[in-house]
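Undergrad: I'd like to go over a predicted model; first the sequence, then the structure.
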Number of protein chains: 2
Amino acid sequence: MPAEPELDRARVVLVNSRNPLNIGAAARAMSNFGFTKLRVVNAYAPAYREARSAVGASEVLANAEEFAHVAEAVADCTLVVGTTAVGNRKLQQEVKRTEQGALQIRKALRAGRVALLFGSERVGLSNEEMSHCHWLMRIPTRKEHISMNLGQAVAVCLYELVRKGRSASAPEKRPAAPGRDLERFSEILSDVLRKSGYPGPPASNEQKIRRLIRRMKLSAEDSEIWMGIVRQILWKVGKE
Amino acid sequence: MPAEPELDRARVVLVNSRNPLNIGAAARAMSNFGFTKLRVVNAYAPAYREARSAVGASEVLANAEEFAHVAEAVADCTLVVGTTAVGNRKLQQEVKRTEQGALQIRKALRAGRVALLFGSERVGLSNEEMSHCHWLMRIPTRKEHISMNLGQAVAVCLYELVRKGRSASAPEKRPAAPGRDLERFSEILSDVLRKSGYPGPPASNEQKIRRLIRRMKLSAEDSEIWMGIVRQILWKVGKE
């Protein structure tokens, strides 16, 4: 368990951001509310450069980390939450309102790292990107106008994380499995299924498996057990 | 007392705004959260024009009202609240945090109109402008970086006005899988492991698997998916 202060254990992850003003605004809101760790996945390079070189760009931006894929950006996190405006899209994961979701994020931050994902300005997170998430969170906007500006959405979510609420003290949970272990588990199980002739297109099966495994809310210990199980099975089905 | 819906009784008042993007962002957040009445005091004319003519400018902006002075912009309001980052300035009025202030604003909206003032991007509200306010409200930013972007500050304040309080309804849980399904799942997985050469005595492995599967807290739906997975694998490992 990292010895960082609680808010330093949160990772704000911007996926496919295209607008330097939004990247800058996200970093500013982070600084306002005391968050320090920004991760940027597949950012549009000129936008990212412009945001970093803007006058008054914060320390948050200077220390931001870049990743090519969501899987790498959440590898060290025990809880991964995607933000979504919901809309017409049919979602395959549980969606919590910010008021509820933030309570659970705060609880998880006591024990480990949490990634909070924000998708691109135009389309939000893709199904593939969402499949890395344990659950999704939405800001309660009205249904006639659900889509928020990225910088404002980040500000509202982070505010909800630091605002005073009920003191949510809950029983200690066992340490959760980090994202990299869940991803490994997903990969091996997908491999087993492919080799076993499980019906359906491999790519969509992979996402289905990824979501299924995130819904298990695995502890680090159980994740080890499962890994042993699927490795053994993989060895067996791969033999012939 | 006006017969408007409660949120329509709120007036968001931007004082001395200079940046068209911020004016647009404020209007967008209003629309996201269901507020309709924007008032603009002494806006920098070109910025205001640019905001109103922007592509996708909302109905909120189209219906915005212009005033030359704060006094006129709040004349029909029974409660006037100014937002402030506080900072080093000595304030002469009570300052409430958003969590507290929003409760009182919501109460006041039941009975009459409420104005919520936001000052200019650079210096916030002047003492003169603040003197029109009953009290002040501040967003709980950290003291090393108190000053928020205008559009983000508006978004956070309006979110706090519409967010659900303590009675936040718990997320609906999906129906859990019945014991018989968990047992069937355990049996098949144990069978797969036996056939795959998983180490350890079968009887104690069975118990381990049974406990492992109970810790998953499976929904009925996910239990179906897992059943399909392990059946397919069983078919494969049992073939030889």
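TA: Arrived safely, thanks for sending.

Undergrad: packing partners of the least confident helix or strand in chain A by mean pLDDT?
TA: Within chain A, confidence by mean pLDDT, DSSP states H and E is lowest for helix A:45-53 among all helices and strands, at a mean of 87. Here helix A:45-53 touches helix A:20-33, helix A:59-62, going by 3 or more CB pairs under 8 Å, 6 or more residues apart in numbering or on different chains; DSSP states H and E. Where C-beta positions appear, they are placed from N, C-alpha and C, glycine not excepted.

Undergrad: which SS state does the residue nearest to the spatial centre of chain A fall under?
TA: Chain A has A:Val80 as the residue nearest its centroid, 3.5 Å off, counting by CA atoms, centre = their mean. Per DSSP: H, G, I helix; E, B strand; the rest coil, the secondary structure class of A:Val80 is strand.

Undergrad: just checking, it touches A:Val74?
TA: Yes. The pair A:Val80 / A:Val74 is scored as a contact, 4.7 Å apart, by CB atoms under 8 Å.

Undergrad: any shared contact partners between those two?
TA: A:115, A:117, A:132, A:179 (CB atoms under 8 Å, 6 or more residues apart in numbering or on different chains).

Undergrad: residues contacting the third one?
TA: This means A:His132. Contacts for A:His132 were tallied using CB under 8 Å, 6+ apart; they are A:70-71, A:74, A:80, A:82, A:117, A:179, A:183, A:210, A:214.

Undergrad: all helices for chain A, in order.
TA: Counting by DSSP state H, the segments of chain A that form helices are A:20-33, A:45-53, A:59-62, A:70-73, A:98-111, A:127-130, A:150-162, A:179-196, A:202-214, A:220-239.

Undergrad: what about the closest residue to A:Glu50 other than its chain neighbours, neighbour count?
TA: Leaving out its chain neighbours, the residue that sits closest to A:Glu50 by CB to CB, 6 or more residues apart in numbering or on different chains is A:Pro20, at 3.9 Å. Residues lying near A:Pro20 (other CB atoms under 10 Å in any protein chain shown) number 20.

Undergrad: for A:Pro20, give me the pLDDT.
TA: What the model reports as pLDDT for A:Pro20 is 89.

Undergrad: neighbours around A:Ala68, how many?
TA: For A:Ala68, the count of nearby residues is 9 (other CB under 10 Å).

Undergrad: what's near enough to touch the closest residue to it other than its chain neighbours?
TA: Leaving aside its sequence neighbours, A:Ala68 sits nearest to A:Asn42 (CB to CB, 6+ apart; 6.2 Å). Residues near A:Asn42 by CB under 8 Å, 6+ apart: A:15-16, A:67-69.

Undergrad: what about A:Asn42, distance to A:Ala153?
TA: Look at A:Asn42 and A:Ala153: by CB to CB, to the nearest Å, they are 18 Å apart.

Undergrad: re the thing from before, which of the shared contacts of A:Val80 and A:Val74 lies closest to A:Val86?
TA: Of all the shared contacts of A:Val80 and A:Val74, A:Val86 sits closest to A:Leu117, with 14.7 Å by CB to CB.

Undergrad: any idea of the pLDDT on A:Glu172?
TA: 48.

Undergrad: before we move on, what about A:Met1?
TA: pLDDT, A:Met1: 45.

Undergrad: related to what we said a few turns ago, who does the residue nearest to the centre of chain A bridge with?
TA: For A:Val80, the beta-bridge partners are A:Ala115 (DSSP bridges).

Undergrad: residue contacts, it?
TA: A:74, A:114-115, A:117, A:132-134, A:179, A:214.

Undergrad: how near is it to chain B?
TA: 17 Å (CB to the nearest CB, to the nearest Å).

Undergrad: ok, now which ones touch the residue nearest to A:Glu50?
TA: Going by CB under 8 Å, 6+ apart, A:Pro20 touches A:46-51, A:54.

Undergrad: returning to that earlier point: just send the contacts of A:His132 back as TSV, with pLDDT too.
TA: Listed next are the contacts of A:His132 as TSV, based on pLDDT from 0 to 100:
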residue	pLDDT
A:Val70	95
A:Ala71	94
A:Val74	95
A:Val80	94
A:Gly82	96
A:Leu117	98
A:Gly179	92
A:Glu183	94
A:Arg210	93
A:Arg214	90
